[in-house]
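Engineer: I'd like to go over a predicted model; first the sequence, then the structure.
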Amino acid sequence: MAASRRNEILLAGAGLMVLAPKLIRSRVPCALAAGFALLDLYGMIFVALPYYTGLIVHKSNGFLAAFDPARLGLSELLNF
(Lines give C-alpha, C1' and ligand atoms only; values in the text may rest on other atoms or scores of the structure.)
Protein backbone atom coordinates (compact mmCIF):
# COMPACT_ATOMS: atom_id res chain seq x y z
CA MET A 1 0.00 0.00 0.00
CA ALA A 2 1.42 3.35 -0.97
CA ALA A 3 2.18 5.86 1.77
CA SER A 4 -0.29 8.36 0.33
CA ARG A 5 -3.13 5.81 0.49
CA ARG A 6 -2.24 5.01 4.09
CA ASN A 7 -2.28 8.72 4.92
CA GLU A 8 -5.70 9.12 3.31
CA ILE A 9 -7.12 6.31 5.45
CA LEU A 10 -5.61 7.80 8.61
CA LEU A 11 -6.96 11.25 7.79
CA ALA A 12 -10.42 9.84 7.08
CA GLY A 13 -10.40 8.02 10.41
CA ALA A 14 -9.20 11.06 12.35
CA GLY A 15 -11.77 13.28 10.67
CA LEU A 16 -14.62 10.88 11.36
CA MET A 17 -13.55 10.51 15.00
CA VAL A 18 -13.63 14.29 15.43
CA LEU A 19 -17.09 14.53 13.83
CA ALA A 20 -18.62 11.54 15.62
CA PRO A 21 -20.52 11.95 18.89
CA LYS A 22 -18.65 10.81 22.00
CA LEU A 23 -20.89 7.76 22.46
CA ILE A 24 -19.87 6.17 19.16
CA ARG A 25 -16.35 7.56 18.80
CA SER A 26 -14.77 4.26 19.86
CA ARG A 27 -16.60 2.40 17.06
CA VAL A 28 -15.41 4.65 14.25
CA PRO A 29 -12.18 2.73 13.46
CA CYS A 30 -14.08 -0.56 13.18
CA ALA A 31 -16.75 1.00 10.97
CA LEU A 32 -14.09 2.61 8.81
CA ALA A 33 -12.21 -0.68 8.41
CA ALA A 34 -15.45 -2.47 7.52
CA GLY A 35 -16.31 0.23 4.99
CA PHE A 36 -12.95 -0.01 3.26
CA ALA A 37 -13.17 -3.82 3.27
CA LEU A 38 -16.61 -3.70 1.64
CA LEU A 39 -15.36 -1.20 -0.94
CA ASP A 40 -12.47 -3.54 -1.76
CA LEU A 41 -14.81 -6.54 -2.06
CA TYR A 42 -17.11 -4.56 -4.36
CA GLY A 43 -14.19 -3.66 -6.57
CA MET A 44 -13.02 -7.23 -6.75
CA ILE A 45 -16.38 -9.03 -7.09
CA PHE A 46 -18.41 -6.62 -9.23
CA VAL A 47 -15.69 -4.88 -11.25
CA ALA A 48 -12.43 -6.83 -11.60
CA LEU A 49 -13.65 -10.45 -11.73
CA PRO A 50 -16.42 -9.87 -14.29
CA TYR A 51 -14.07 -7.80 -16.45
CA TYR A 52 -11.25 -10.33 -16.50
CA THR A 53 -13.60 -13.28 -17.06
CA GLY A 54 -15.22 -11.57 -20.05
CA LEU A 55 -18.61 -10.88 -18.50
CA ILE A 56 -18.10 -7.13 -18.98
CA VAL A 57 -17.14 -6.05 -22.48
CA HIS A 58 -16.31 -2.79 -24.20
CA LYS A 59 -19.14 -1.15 -26.14
CA SER A 60 -18.58 0.13 -29.67
CA ASN A 61 -18.10 3.68 -28.32
CA GLY A 62 -15.24 2.54 -26.04
CA PHE A 63 -17.11 2.58 -22.71
CA LEU A 64 -17.58 -0.46 -20.50
CA ALA A 65 -20.99 -2.09 -20.22
CA ALA A 66 -22.23 -2.32 -16.64
CA PHE A 67 -22.20 -5.73 -14.97
CA ASP A 68 -25.70 -6.96 -14.19
CA PRO A 69 -25.71 -10.24 -12.22
CA ALA A 70 -29.44 -10.69 -12.88
CA ARG A 71 -28.87 -11.17 -16.62
CA LEU A 72 -26.51 -14.08 -16.09
CA GLY A 73 -27.71 -17.62 -16.25
CA LEU A 74 -26.08 -20.50 -14.43
CA SER A 75 -24.78 -21.86 -17.72
CA GLU A 76 -22.82 -18.63 -18.39
CA LEU A 77 -21.20 -18.74 -14.97
CA LEU A 78 -20.11 -22.35 -15.36
CA ASN A 79 -18.99 -22.01 -18.97
CA PHE A 80 -15.48 -20.57 -18.51
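Structural biologist: Cool, the structure landed.

Engineer: next one: residue 33 from residue 16, what distance?
Structural biologist: Separation of residue 33 from residue 16 (Cβ to Cβ, to the nearest Å) stands at 12 Å. No exception for glycine: its C-beta is placed from N, CA and C like everyone else's.

Engineer: compare these two (neighbour count), which wins?
Structural biologist: Between residue 33 and residue 16, residue 16 has the larger neighbour count (other Cβ atoms under 10 Å), namely 16 against 12.

Engineer: is it true that the more buried one touches residue 35?
Structural biologist: No: between residue 16 and residue 35 there is no contact under Cβ atoms under 8 Å: 9.7 Å.

Engineer: ok, residue 20 touching residue 28?
Structural biologist: Yes: assessed by Cβ under 8 Å, residue 20 is found in contact with residue 28 at 5.2 Å.

Engineer: which one of these two has more residues nearby?
Structural biologist: Neighbours were counted for residue 20 and for residue 28 using other Cβ under 10 Å; residue 28 has more, 18 against 14.

Engineer: ok, now which ones touch that one?
Structural biologist: Neighbour list for residue 28: 13, 16, 17, 20 [criterion: Cβ atoms under 8 Å, 6 or more residues apart in numbering].

Engineer: and it, backbone torsions?
Structural biologist: Note on residue 28: backbone dihedrals following degrees, to the nearest 10 are phi -60, psi -50.

Engineer: per-residue pLDDT of it, please?
Structural biologist: Listed pLDDT for residue 28 reads 91.

Engineer: now swap in the one 4 residues further on and tell me
Structural biologist: Residue 32 carries a pLDDT score of 89 in this model.

Engineer: report the buried residues of the host helix or strand of it.
Structural biologist: In this assignment (DSSP states H and E), residue 32 forms part of helix 28-42. If you call a residue buried by 16 or more other Cβ atoms under 10 Å, then helix 28-42 has these buried ones: 28, 32.
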